[in-house]
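S.K.: only geometry, no sequence info:
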């Protein structure tokens, strides 16, 4: 029996809003319709107009063609972000992920050394120890929320130690995640904008001041003293970098671990294959990134001039969203794309993006996930979900596929 993903036949409601519950509940069916019927589609991201591209080749085109930029002001002459925000929180949302070259290159060059495969490999022993410590605590409980007990503490601990955030202060960043988790609507957004994020910004500045006074062997201390062609990071750039590194350092990994576990448990024949051939672990993780990865899209891009694609004109200044989750199921690139195959090769997925904004933390996420999954499966041969997979709650967040909780039975 092939490990295939069933495609639910749905009635498409126009305009498609990728922040809607209808889309979130059937994203892969929507992806299929978009690829086949409307490869360039003018839809909605919440209240904002956006053009969606869904085919693999077209997503590559948007990610690599210089006519598509991340910095909105370059294309429109207006604000860098489409929604008005208090000046006090702008350093937290204006980071290198919405910057273009040469500014993006300058910022990335200052931090990339900490995330090279060679640098990340040195963290293996620490991650090994941490995963066993967490399993020692979780396994006697039997049934646990895997995210709370295991998937989340691993990357949070690792990135806090790398950046130099004291363990007892990491909770301060949880409030900063609220605006991302709740999306860009509702009263909670305004509370986060005008209360939670300003508090986070103040904390980041306090942390930077402490590192200036007493530098340590961590990324933040290195960034404070780092220079790129004689130019140091400004205070606002440091605040932005702290926020980006901490959030990016754990947000993708926790959900990649979760998605690996959920997907493997939903396809027991592939899980049995992995247990019999543990050398397939890295390949299995890559297949989850393609098949059911946490990252389903990128930050918005904007056109600096009119661009014609598939006969459709995307006007200058328009928001364009490459749907990576759709590209990863494109049959023009992936044979039997709805089949979950942990030995798939080649597997040129876009689970971490492409181009100049390819995920800086990809080597770290891969290493943490490999060690976490290996030790979890080895120590728990009877691992299973504690609820029906259909009852898992997928968070309502555009461009992500992530679960609210992952209840499992260990053993």
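M.R.: On my side now, so go ahead. Just so we're clear, the structure is a prediction, and the values are computed from it rather than from any experiment.
S.K.: pull the longest helix from the protein.
M.R.: For the chain, the longest helix by residue count, based on DSSP state H, is helix 235-266.
S.K.: Give me the contact list for the strand or helix carrying residue 130.
M.R.: Using DSSP states H and E, the element containing residue 130 is helix 124-138. With C-beta atoms under 8 Å, 6 or more residues apart in numbering as the test, helix 124-138 has contacts from 144, 149-150, 153-154, 157-158, 161, 367-368, 371-372, 375-376, 379-380, 410. Quick note: C-beta positions are derived from backbone N, CA and C, even for glycine.
S.K.: mean confidence score for it?
M.R.: For helix 124-138, the mean pLDDT works out to 98.
S.K.: Quick check: what element follows that helix along the chain?
M.R.: For helix 124-138, the following helix or strand on the C-terminal side (DSSP H and E) is strand 143-145.
S.K.: before we move on, the earlier item: which among the contacts of helix 124-138 end up buried?
M.R.: Among these, those scoring as buried are 144, 149-150, 153-154, 157-158, 161, 367-368, 371-372, 375-376, 379-380, 410 (criterion: 16 or more other C-beta atoms under 10 Å).
S.K.: Which members of the residues you listed occur in helices, if any?
M.R.: If you go by DSSP H, those have 153-154, 157-158, 161, 367-368, 371-372, 375-376, 379 in helices.
S.K.: Next up, the contacts around the nearest residue in space to residue 392 that is not next to it in sequence.
M.R.: Among residues not flanking residue 392 along the chain, residue 403 sits closest, at 5.3 Å (C-beta to C-beta, 6 or more residues apart in numbering). By C-beta under 8 Å, 6+ apart, residue 403 lies in contact with 147, 255, 258-259, 262, 392-395.
S.K.: quick one on the thing from earlier: possible to save the ones in helices among the buried ones among the contacts of helix 124-138 as CSV with pLDDT and distance to residue 210?
M.R.: Putting these into CSV (pLDDT from 0 to 100; distance: C-beta to C-beta, whole Å) gives the following:
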residue, pLDDT, distance to residue 210
153, 92, 24
154, 94, 26
157, 90, 20
158, 92, 21
161, 90, 16
367, 96, 29
368, 98, 27
371, 98, 31
372, 99, 31
375, 99, 34
376, 99, 36
379, 99, 38
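S.K.: quick check, nearest of these to residue 300?
M.R.: residue 368 (27.8 Å; C-beta to C-beta).
S.K.: Local confidence estimate at the spatially closest residue to the closest one that is not a sequence neighbour?
M.R.: Sequence neighbours aside, residue 253 is the residue nearest to residue 368 in space, at 5.0 Å (criterion: C-beta to C-beta, 6+ apart). Residue 253 is assigned a predicted lDDT (pLDDT) of 95.
S.K.: which residues of the stretch 51-200 of the chain fall in strands?
M.R.: Per DSSP state E, counting those that start in this stretch, the stretch 51-200 of the chain carries strands over the ranges 68-69, 143-145.
S.K.: The stretch 251-400 of the chain too?
M.R.: Secondary structure of the stretch 251-400 of the chain (DSSP E, counting those that start in this stretch): strands at 301-303, 307-309, 312-314, 319-322, 384-385.
S.K.: if I look at residue 406, how far off is residue 335?
M.R.: Residue 406 sits 30 Å away from residue 335, going by C-beta to C-beta, to the nearest Å.
S.K.: more neighbours, the two?
M.R.: residue 406 (27 against 9; other C-beta atoms under 10 Å).
S.K.: list the contacts for that one?
M.R.: 145-147, 151, 258, 261-262, 385, 392.
S.K.: From residue 224, how far out is residue 338?
M.R.: 48 Å.
S.K.: Output the below-cut-off pLDDT ranges for this protein.
M.R.: Across the chain, the ranges flagged by pLDDT under 70 are 1-8, 88-89, 91-94, 173-193, 227-230.
S.K.: show me where the stretch 1-150 of the chain has helices.
M.R.: 21-25, 27-37, 56-64, 72-76, 90-93, 103-111, 117-121, 124-138, 146 (DSSP state H, counting those that start in this stretch).
S.K.: Residue 219 is nearest to which of these?
M.R.: Closest among the helices of the stretch 1-150 of the chain, using C-beta to C-beta: helix 103-111, at 6.9 Å.
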